[in-house]
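Asker: The following block contains a protein sequence and its predicted model.
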Amino acid sequence: MAVASRHASALGVFAPETGRSIVVVSRDGETAVALRERTEPSVAVIRDVRPDEIAAGIAACLPFPWMVVNDLAGECCILERTLRRRPVLCCWRAPVPPGLPRHVREYSVFSEVATRVEQALRARVAGLQLAPHDGVQLSDGPRIASPRLDALVAQHPHAFDLPRSVFAPAARALSARGIPARIVQDRSRGGVVLVGTSA
């Protein structure tokens, strides 16, 4: 086992967790350290992984990572498969390789990543906002444990370049609670978005 892998395991980076996780992929860990200094652990956990640890880092996020920050230029098959199947927010070191979903955001400097994380954590739509740890909530209501709804709120007003069927559990969660919002395919925004409706 590599030294980096032993170190990551000791820190619990690969411990399974259902909370909101940001997987930061880099060769030296500097991006993860800087992001951890700016992110409350009660809101999102930073998982610092190396290129050979990506699969384990992603698998530890149940059911999937909330966000991936890829600090490596070029392609990465493991990350690409995840981004094409799951609603994962993503910041990718510029330039973004062709073929990735359109919701992948390109960045060149750390401040762009930090701003993206802050915006996602503060996002609000249809009265919904991110709850501590995971899920979403109305300002005066209980927490709704729905990773896909969490992702849609955090991505707002931008879209996920994924099939609408990926968000079926989130649609059911909205309907079950009578929340005036719906999940739509918006071609002008390039994919699936959560929009508010009149009550």
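Answerer: Arrived safely.
Asker: Enumerate the positions of the biggest helix by length in the chain that are buried.
Answerer: Looking across the chain with DSSP state H, the single longest helix is helix 110-122. Neighbour counts using 16 or more other C-beta atoms under 10 Å place 110, 113-114, 116-117, 120-121 of helix 110-122 among the buried residues. All C-beta atoms are positioned from the backbone trio N, CA, C, and that covers glycine.
Asker: tell me the mean pLDDT for that helix?
Answerer: For helix 110-122, mean pLDDT rounds to 96.
Asker: for it, packing partners?
Answerer: helix 30-38, strand 67-70, strand 89-93, strand 105-107, strand 128-130, helix 147-155 (3 or more C-beta pairs under 8 Å, 6 or more residues apart in numbering; DSSP states H and E).
Asker: mind redoing it with 10 Å?
Answerer: For helix 110-122, the helices and strands in contact under the criterion 3 or more C-beta pairs under 10 Å, 6 or more residues apart in numbering; DSSP states H and E are strand 21-25, helix 30-38, strand 67-70, strand 89-93, strand 105-107, strand 128-130, helix 147-155.
Asker: Dump it to CSV, restricted to CA.
Answerer: Provided in CSV are the C-alpha atoms of helix 110-122 (Å, rounded to 0.1, in the frame of the first residue of the first chain):
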residue,chain,number,x,y,z
PHE,A,110,-8.4,28.0,-6.3
SER,A,111,-10.5,31.1,-5.6
GLU,A,112,-12.9,29.9,-8.4
VAL,A,113,-13.4,26.5,-6.6
ALA,A,114,-13.9,28.3,-3.2
THR,A,115,-16.5,30.6,-4.8
ARG,A,116,-18.3,27.7,-6.4
VAL,A,117,-18.5,25.8,-3.1
GLU,A,118,-19.8,28.8,-1.3
GLN,A,119,-22.4,29.5,-3.9
ALA,A,120,-23.6,25.9,-3.9
LEU,A,121,-23.9,25.8,-0.1
ARG,A,122,-25.9,29.1,0.0
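Asker: and that helix with helix 30-38, angle?
Answerer: With axes from the mean of the first three to the mean of the last three C-alpha atoms, to 10 degrees applied, the angle from helix 110-122 to helix 30-38 works out at 40 degrees.
Asker: in its sheet, what does the helix or strand that comes right after helix 110-122 sit against?
Answerer: Using DSSP states H and E, the helix or strand that follows helix 110-122 towards the C-terminus is strand 124-125. Strand 124-125 has the following strand partners under DSSP bridges: strand 128-130 (antiparallel).
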